[in-house]
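Novice: missing the sequence, but the structure's below:
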């Protein structure tokens, strides 16, 4: 499974949690969320090439030109201060660590690439493990963000570890996430969203694209309601 394809699956998966939380808060029924697409550098390069389509008519040929697609650079500062640069060697080590975790997730993904309850369970645990790995390797300016995110995923991970991955269901995962986010008095959606966006900007600014587990973090808590 190519990195940009897996990135699409990851973004859709973590985005699912935000959609489910919004649905629960509004008292509605749960529906499958739309799949988000994360644009990688190779996709940008391909789509940036001007495409011309010739339409033959009885008298003339009309050319339609598709404007190039651009991806804005990651922010260099957000609330909480400037986004620092990673230390030398961080990006290479992150590529190895995240690649190993992605392979673990792919091993439980269905042959057609769909994400079921078992693969969502594996994805959440892999994100927990990657955040734990990252927390010891970021500059001091990023430490508060990693402490918050790592704490949330560590607590969720304890509950996820108690579930049988062979028999886990999406309603069970949803109930676990709902109860944790809504019952956590010391965690707010605003703080989670900011820390997730800061970490994604840190990785994107220092290492570029190609880290789907990190890139998708910024979508996770963006629409989670307060209280």
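Specialist: Received it, and whenever you're ready, just let me know what you need. Note that the structure is predicted; figures quoted are calculated from it, not measured. Numbering: from 1, shown residues only.
Novice: hang on, residue 85 packs against residue 207?
Specialist: No: with contacts counted by C-beta atoms under 8 Å, residue 85 stays clear of residue 207, the gap being 10.0 Å. (C-beta placed from N, C-alpha, C; glycine too.)
Novice: Which helix or strand contains the closest residue to residue 131 other than its chain neighbours?
Specialist: Nearest non-adjacent residue to residue 131, counting by C-beta to C-beta, 6 or more residues apart in numbering: residue 150, 4.8 Å away. Take DSSP states H and E as the rule and residue 150 turns out to sit in helix 143-161.
Novice: Next secondary structure after that helix?
Specialist: Next along the chain after helix 143-161, with elements defined by DSSP H and E, is helix 170-183.
Novice: Now do the buried residues in that following helix.
Specialist: 170, 173, 174, 176, 177, 178, 181 (16 or more other C-beta atoms under 10 Å).
Novice: That one packs against which elements?
Specialist: helix 3-26, helix 117-135, helix 143-161 (3 or more C-beta pairs under 8 Å, 6 or more residues apart in numbering; DSSP states H and E).
Novice: if we can go back for a sec, between residue 85 and residue 207, point out the one with more neighbours.
Specialist: residue 207 (17 against 13; other C-beta atoms under 10 Å).
Novice: measure the closest residue to that one other than its chain neighbours to residue 82 for me?
Specialist: Closest residue in space to residue 207, ignoring its immediate chain neighbours: residue 91 at 3.8 Å, by C-beta to C-beta, 6+ apart. Applying C-beta to C-beta, to the nearest Å, the value for residue 91 to residue 82 is 19 Å.
Novice: Show me the shaky parts of this structure.
Specialist: In the predicted model of the chain, residues 1-69, 181-182, 184-185, 218-227 satisfy pLDDT under 70.
Novice: buried set for the strand or helix carrying residue 206?
Specialist: Remark: residue 206 resides in helix 189-207, with elements defined by DSSP H and E. Within helix 189-207, the residues scored as buried using 16+ other C-beta under 10 Å are 189, 191-207.
Novice: same thing with stretch 137-157?
Specialist: Buried residues in stretch 137-157 (16+ other C-beta under 10 Å): 138, 142, 145, 146, 148, 149, 150, 152, 153, 156, 157.
Novice: buried ones in stretch 100-107?
Specialist: By neighbour count, with 16+ other C-beta under 10 Å as the criterion, the buried positions of stretch 100-107 are 101, 102, 105.
Novice: Please give the element, helix or strand, for the second one.
Specialist: To tie it back to what came earlier, the one meant is residue 102. Secondary structure (DSSP H and E) places residue 102 in helix 90-106.
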